[in-house]
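Undergrad: Got a predicted model here, sequence first, then my questions.
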Amino acid sequence: MVDKAVIISAPSGAGKTTLVKNLTAALHQLEFSVSACSRQKRDNETEGKDYYFITPAVFRGKIDRGEFVEWQEVYPGFYYGTLKSELERIWNLGKIPIFDVDVIGGLNLKKYFGEKSLAVFIKPPSIEVLESRLRNRGTESEESLQKRIGKAAMELKFADDFDCIVVNDKLDKSSQDTIRLVNEFIS
């Protein structure tokens, strides 16, 4: 069983998903850990690839049965978490799990894996750039956008609790920096 883990965390809109995709393309030892969530699937998302989409009631049942490594209620009624079965799936492939999670999820995973993990915080150049990125996605209502920006401002305070910080101002450089950091850790 492989016992290392790579954790990529950031506020929503900082670019962590793009960087994780670049990491898994560059480093074939890594396998994306699919999180479970209780929100509705977006049109561009695929069940079992982007998330495991489950109802809040099913999610709470899995919590009660201890089926999660970590989980949280990110917004009222909106749960996200890492299933133990997902880690088993990845380790059975002989791969290292890479997590694309929000900041609190990242800290929970870092606590779970300890020094067997590399926890990277992806930081946006500024809160204004983050807001612009979220607006350009076109997936948020004004209300949900403001919630995400408020949450991001809080999450930025946790950056120093991670093993390293990558400022995602220029995607090519940020991607190279992240690949280098992760490759050094898994080698």
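TA: Perfect, I can see it now.
Undergrad: Please enumerate the strands of this structure.
TA: Using DSSP state E, the strands of the chain run over 5-9, 30-32, 35-37, 51-53, 68-75, 78-83, 96-101, 117-123, 164-167.
Undergrad: tell me the angle the helix or strand of the chain with the lowest mean pLDDT makes with strand 117-123.
TA: Sorted by mean pLDDT, DSSP states H and E, the helices and strands of the chain end with helix 127-137, the least confident at a mean of 83. Put simply, helix 127-137 runs at 90 degrees to strand 117-123, going by axes from the mean of the first three to the mean of the last three C-alpha atoms, to 10 degrees.
Undergrad: Give me the residue ranges of the chain where confidence is low.
TA: Scanning the chain for pLDDT under 70 picks out the ranges 1-2.
Undergrad: OK, contacts around A153?
TA: Contact analysis of A153 by C-beta atoms under 8 Å, 6 or more residues apart in numbering lists I127. Using the backbone N, CA and C atoms, a C-beta is placed for each residue, glycine as well.
Undergrad: Buried residues, the least confident helix or strand of the chain. List them.
TA: Applying a neighbour-count criterion of 16 or more other C-beta atoms under 10 Å, one finds 130-131, 134 buried in helix 127-137.
Undergrad: Any chance of those in TSV with distance to L27 as columns?
TA: Converted to TSV, the buried residues of helix 127-137 look like this (distance: C-beta to C-beta, whole Å):
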residue	distance to L27
L130	26
E131	31
L134	28
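Undergrad: K123 contacts A14, doesn't it?
TA: Yes. Between K123 and A14 there is a contact at 6.5 Å, judged by C-beta atoms under 8 Å.
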